[in-house]
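>>> just need the structure, nothing else, for what follows:
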Amino acid sequence: MISIHVVSDTVCLVVLSHSLLAAHPGMCLTEPCITVASAVMGALDRSVDPCHDFYNFACGGWVRNNPLPEGKSRWGPFSNLWERNMAVMKHLLENTTMKGLSKAEKKAQRYYKACMNETKIEELGAQPLQELINQTGGWALTGSWDKNNFQEVLRTVSANYRCSPFFTVFVSTDSKSSNSNIIQVDQSGLGLPSRDYYLNKTANAKYLNAYLDFLVELGVLLGGSEETSRSLMQEIVDFETTLANITVPQEERRDEELIYHKIQTLAPAVDWMPYLTDVFAPVPLNDSEPVVVYAKDYLQKVSDLIASTNKSVLNNYMIMKVLRKMVSILDQKFQDAEQRFFEVMYGTKKSCTPRWKLCVSDTDSALGFALGAMFVKATFDEDSKAIAEDMVSEIKWAFEDSLKYVGWMDQETKKAAKEKADAIYNMVGYPKFIMDPKELDKVFNDVGKYVIKINMHTSLVLYPMSCIHRWSMTPPTVNAYYNPTKNEMVLPAGILQAPFYSRSWPKALNFGGIGVVMGHELTHAFDDQGREYDKDGNLRSWWKNSSVEAFKKQTQCMVEQYSNYSINKEPLNGKHTLGENIADNGGLKAAYKAYMNWIAKNGEEATLTFHSEISHEGVITDPHSPSRFRVIGTISNSHEFSEHFGCKADSPMNPKHKCELW
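Purely as a prediction, here's the structure:
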């Protein structure tokens, strides 16, 4: 389960974790302590009662002093850290005089340079994409089209261009046999962020109209007339609406044992053996290859839809998927069209974002482990890895100790849960292979297989390399995740920095920052989806039925709690965000307990030099609750918070009924 953390939430929790020790007389007067104390003070809004609204108390000052930048739909200290990381990567990519670079690292520099070659990109305009479409068999935008080449086009756009029309196919760990990999098939994404946009046409009219206008503009830029483009793109939107109707909502897909189906006969509308052979070339396949399907009913319905839909419409839809994927690497006219669409979808206005930021981000996506090697050597302190691993051990201890007091779980299941927590494998900083130039070069030998030629000397790599050596995030990433099929948590080097972590900070800040992230990811092993996997990463029933029923009863409390929150009068979907809400609550509790244990073993530490005066798109698509509710939802379930802040019973942050799980 990949889990995204908004740093503004962490700032709030840092305030909480440190303010609990405000009565201690010792003060930390080092320069890092003074600097971070100033940052925390600036984030506060002390006019707000923390027992009434802890989010605004802890973060209101930061929000007031950091207005949303032009061109951004979200902003927080999280974004600041990624901006800093991008600046470091920019310097590394532009410093072509660096000695001792591996071939892979030099490829990253060349990729970045090609992306920055705006003159050549503008000169070519739509030509690279037009040539690619012609090579794929063309489409009805600029001329008559009457071909019986559906199977060939599907194979080409899926294998060569890594698009996923109709369904997505990939190789990953078999959930029920975690030591082996298996081909997996699932429902695919749509052009808009959620099926809800298509199904409620009245409420979402402005988004649907903006989407259609965007596609029409792309068609015109590729040489089609306005009339032909509008007719063709309207057919595509109508077809996507039909796809949306058969797509299963994410909140109905959370029980992975129910949606896992290992089969050998797939839906008949696709010639599967030639398709899979092309997609997974050069790996040899045979007719008896097992496949896991996570959307069995959807796959049958999409097969029926393919069989009953005009082949021209199917072709137009597949080519449109390629077009959408290429927009960001084409000339400015295409990017301007996309920006106008984003302005309606996300409220982001056109900004003067420098080209280098786009190119750094693209390089990280395409060759992130090569770039990551450069980033790690330039920024990462090796002892941070050991410190982080020690903190994970302390977080594990806290979680396991709390298991003793979980009243709703039977002893046998508790014992197995402790064994699973013990077995979680920690991956901190970066994969080892990137520090070995020979190994790194070996991994990137084939990069360039799928390219759009810019000229004889430069090219743009089209597709990111994912899941290399088990890592699904590149080292510079400001994020973390838990992988249930391997029972492992991953903390990239990019997040092991302020405001999450610093070697020079008091432990309270580190436990309130990166410690909460660690606790969050560990708790994902025991959320409504992660709990279905055993300590070896296998999807199987390892809980007693009585504890399963008790778990569902306990989690229903959180479903109802978060569903009662609303943003812009739109209620949250507590079922859709359940896994992240469980992780938020468990993560804070484990981090706080681990810190209290650290104090018990090491003695109280000096506090910071201040005295606090305390004696739409995201709602329907993001599995995380909005930042405000991630904070107040978690805080209002914490007995320790109410005790330390002296919150009266039934105050907003201290409700009588609290949801408790781990």
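>>> my read: residue 648 touches residue 52, true?
No. Using C-beta atoms under 8 Å, residue 648 is not in contact with residue 52, being 10.1 Å away. The way it works is simple: take the backbone N, C-alpha and C, and place the C-beta from them, glycine included.
>>> more neighbours: which of these two?
Using other C-beta atoms under 10 Å as the criterion, residue 648 and residue 52 rank with residue 52 on top: 14 against 9.
>>> got a list of what that one touches?
651, 652, 653 (C-beta atoms under 8 Å, 6 or more residues apart in numbering).
>>> for the residues you listed, which one is nearest residue 550?
residue 653 (26.9 Å; C-beta to C-beta).
>>> where does residue 491 land in three-state SS?
Here residue 491 is recorded as strand under DSSP: H, G, I helix; E, B strand; the rest coil.
>>> same check, this time on residue 574
Under the three-state scheme (three-state DSSP), residue 574 adopts coil.
>>> so it touches residue 560, yeah?
Yes. With contact defined as C-beta under 8 Å, residue 574 reaches residue 560; the gap is 6.4 Å.
>>> between these two, which one's more packed in?
Neighbours per residue (other C-beta under 10 Å) separate residue 574 from residue 560, with residue 574 holding more: 23 against 12.
>>> check what pLDDT the more buried one gets.
pLDDT, residue 574: 90.
>>> and the one 5 residues further on, by the same measure?
Note on residue 579: pLDDT of 93.
>>> residue 615 too?
Per-residue pLDDT puts residue 615 at 31.
>>> just give the number of residues close to residue 290.
Using other C-beta under 10 Å, residue 290 is surrounded by 10 other residues.
>>> quick one: the strands in the protein?
Assigned by DSSP state E, the strands in the chain fall at 2-3, 167-174, 177-187, 261-263, 291-293, 425-429, 451-453, 459-461, 480-483, 488-492, 566-567, 570-571.
>>> and the contacts of residue 52, which of them are buried?
Listed as buried from the contacts of residue 52 are 651, 653; burial here means 16 or more other C-beta atoms under 10 Å.
>>> ok, the contacts of residue 52 vs residue 409, which is closest?
Using C-beta to C-beta, these come closest to residue 409 at residue 653, 27.4 Å.
>>> what score does residue 466 have for pLDDT?
At residue 466, the model reports a pLDDT of 41.
>>> I'd like the distance between the nearest residue to residue 580 once chain neighbours are set aside and residue 250.
Spatially, and ignoring its direct neighbours in sequence, residue 580 is nearest to residue 624 (4.4 Å; C-beta to C-beta, 6 or more residues apart in numbering). For residue 624, the distance to residue 250 (C-beta to C-beta, to the nearest Å) stands at 13 Å.
>>> out of those two, which sits in the busier spot?
Per other C-beta under 10 Å, whichever of residue 624 and residue 250 has more neighbours is residue 624, with 20 against 15.
>>> phi and psi next, for the closest residue in space to residue 85 that isn't next to it in sequence.
Residue nearest to residue 85 in three dimensions, not counting chain neighbours: residue 476, with 4.9 Å by C-beta to C-beta, 6+ apart. Note on residue 476: its backbone torsions stand at phi -80, psi 0 [degrees, to the nearest 10].
>>> I'd assumed residue 492 was in contact with residue 476.
Yes. When contacts are counted by C-beta under 8 Å, residue 476 is listed as touching residue 492 (7.2 Å).
>>> need the overlap of contacts for the two.
Common neighbours of residue 476 and residue 492 (C-beta under 8 Å, 6+ apart) do not exist.
>>> where in the stretch 1-150 of the chain is pLDDT low?
Along the stretch 1-150 of the chain, segments meeting pLDDT under 70 span 1-26, 71, 73.
>>> and residue 379, what pLDDT?
Residue 379 is assigned 93 on the pLDDT scale.
>>> for residue 157, same thing?
Residue 157 is assigned 93 on the pLDDT scale.
>>> what of residue 450?
On the pLDDT scale, residue 450 is placed at 40.
>>> what does residue 396 give?
96.
>>> my read: it touches residue 421, true?
Yes. With contact defined as C-beta under 8 Å, residue 396 reaches residue 421; the gap is 5.6 Å.
>>> overlap of the contact sets of the two?
Jointly contacting residue 396 and residue 421 under the rule C-beta under 8 Å, 6+ apart are residue 522.
>>> from residue 109, how far out is residue 98?
Counting by C-beta to C-beta, the gap from residue 98 to residue 109 is 8 Å.
>>> so for the two, which residue has more residues nearby?
A count of neighbours by other C-beta under 10 Å puts residue 109 above the other of residue 98 and residue 109, at 21 against 16.
>>> list the buried residues of stretch 244-254.
Going by neighbour count (16+ other C-beta under 10 Å), the buried part of stretch 244-254 is 244, 246, 247, 248, 253, 254.
>>> would you format those residues as JSON lines with distance to residue 580 and pLDDT included?
Shown next, in JSON lines, are the buried residues of stretch 244-254 (distance: C-beta to C-beta, whole Å; pLDDT from 0 to 100):
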{"residue": "244", "distance to residue 580": "24", "pLDDT": "96"}
{"residue": "246", "distance to residue 580": "27", "pLDDT": "96"}
{"residue": "247", "distance to residue 580": "21", "pLDDT": "95"}
{"residue": "248", "distance to residue 580": "20", "pLDDT": "94"}
{"residue": "253", "distance to residue 580": "15", "pLDDT": "91"}
{"residue": "254", "distance to residue 580": "12", "pLDDT": "88"}
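>>> closest to residue 309 among those?
The shortest gap between residue 309 and any of those belongs to residue 246, at 12.3 Å (C-beta to C-beta).
>>> could you find the closest non-adjacent residue to the closest one?
residue 301 (4.3 Å).
>>> please apply the same query to residue 68.
residue 75 (5.2 Å).
>>> list the contacts for the one you found?
When contacts are counted by C-beta under 8 Å, 6+ apart, residue 75 touches 66, 68, 69.
>>> try it again with 10 Å
Taking C-beta atoms under 10 Å, 6 or more residues apart in numbering, we find residue 75 in contact with 8, 63, 66, 67, 68, 69.
>>> gap between the fourth one and residue 34?
Taken as C-beta to C-beta, the spacing of residue 67 relative to residue 34 amounts to 26 Å.
>>> pick out whichever of those two has more residues nearby.
Using other C-beta under 10 Å as the criterion, residue 67 and residue 34 rank with residue 34 on top: 14 against 8.
>>> distance check, the more buried one against residue 504.
From residue 34 to residue 504 the distance is 11 Å (C-beta to C-beta).
>>> can you report how many residues lie near residue 138?
The number of residues packed near residue 138 is 18, by other C-beta under 10 Å.
>>> just checking, residue 563 touches residue 570?
No. At 11.5 Å, residue 563 and residue 570 do not qualify as touching, with contact defined as C-beta atoms under 10 Å.
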